[in-house]
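> predicted model and sequence follow; I will ask about them next.
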Amino acid sequence: MTVALVPGSFDPFHNGHLEVVERAAGLFDDVVVAVLRNPQKAEPLFTLSEREEMARHATVHLPSVRIVSVATLVVEVARDVGASAIVKGLRAVSDFENELQMAQMNRQLSGIETLFIPTQATSSFVASRLLREVARYGGDVSAFVPKSVAERLQERFA
């Protein structure tokens, strides 16, 4: 059985994230989405448990996907869940530089490979930070996020 780990802060979980998870589910027997607490990022809009719940709702149609939330190294989570690979989405070339460094560090620490899945052009500009900003000022982000996430954003900024 092959297991992939798809880590991220997912603040909030959007359609680009969903696309990567769906594509990973087509390549691996099991996919574990790890909602992470990232101390390098600004204070999150949603709590870890809220982000976990949003990811769970968005992936309910994928029986091979499970959601966990963690506050540790990605490689430790990968080992704990028996992942044979870490899967990361790439929107643009600018994502690659940072993701490559993380992939190389993770491989040195654990031997676990990282696979990159490029998003479709329709998702290449979607970023959680942009969605938060648009939603904060009353913009409609419903085309870019699952319905349950759009509702959460609307509630948060009502």
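Arrived safely, thanks for sending. Keep in mind it's a predicted model, so treat the numbers as computed, not measured.
> tell me where the chain has strands.
For the chain, the strands defined by DSSP state E occupy 3-8, 30-36, 65-70, 85-90, 113-118.
> can I get those strands in a markdown table including mean pLDDT, mean neighbour count and distance to His17?
The C-beta positions use only the backbone N, C-alpha and C, and glycine is treated the same way. What follows is the strands of the chain, written out as a markdown table (pLDDT from 0 to 100; neighbours: other C-beta atoms under 10 Å; distance: least, C-beta to C-beta, whole Å):
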| stretch | mean pLDDT | mean neighbour count | distance to His17 |
| --- | --- | --- | --- |
| strand 3-8 | 97 | 24 | 6 |
| strand 30-36 | 97 | 24 | 8 |
| strand 65-70 | 95 | 19 | 12 |
| strand 85-90 | 96 | 22 | 7 |
| strand 113-118 | 96 | 16 | 11 |
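> Ser128 reaches His14, doesn't it?
Yes - if you go by C-beta atoms under 8 Å, Ser128 and His14 touch, sitting 6.2 Å apart.
> leaving out the residues flanking it, which one is nearest to Leu153?
Leaving out its chain neighbours, the residue that sits closest to Leu153 by C-beta to C-beta, 6 or more residues apart in numbering is Ala135, at 4.3 Å.
> quick check, pLDDT for Ala71.
pLDDT for Ala71: 87.
> now do Pro39, the pLDDT please.
For Pro39, the model assigns a pLDDT of 68.
> output the contacting helices and strands for the biggest helix by length in the chain.
For the chain, the helix that runs over the most residues, judged by DSSP state H, is helix 93-110. Helix 93-110 sits against helix 74-81, strand 85-90, strand 113-118, with contacts defined as 3 or more C-beta pairs under 8 Å, 6 or more residues apart in numbering; DSSP states H and E.
> now distance to Glu97 too, for those, in CSV please.
Shown next, in CSV, are the helices and strands packed on helix 93-110 (distance: least, C-beta to C-beta, whole Å):
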stretch, distance to Glu97
helix 74-81, 18
strand 85-90, 10
strand 113-118, 12
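> relative to Phe10, which of those is closest?
strand 85-90 (11.3 Å; C-beta to C-beta).
> strand partners (parallel or antiparallel) of the closest one?
Here strand 85-90 has these sheet partners by DSSP bridges: strand 3-8 (parallel), strand 113-118 (parallel).
> want to throw those into CSV with distance to Arg91?
Formatted as CSV, the strands paired with strand 85-90 follow (distance: least, C-beta to C-beta, whole Å):
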stretch, distance to Arg91
strand 3-8, 12
strand 113-118, 8
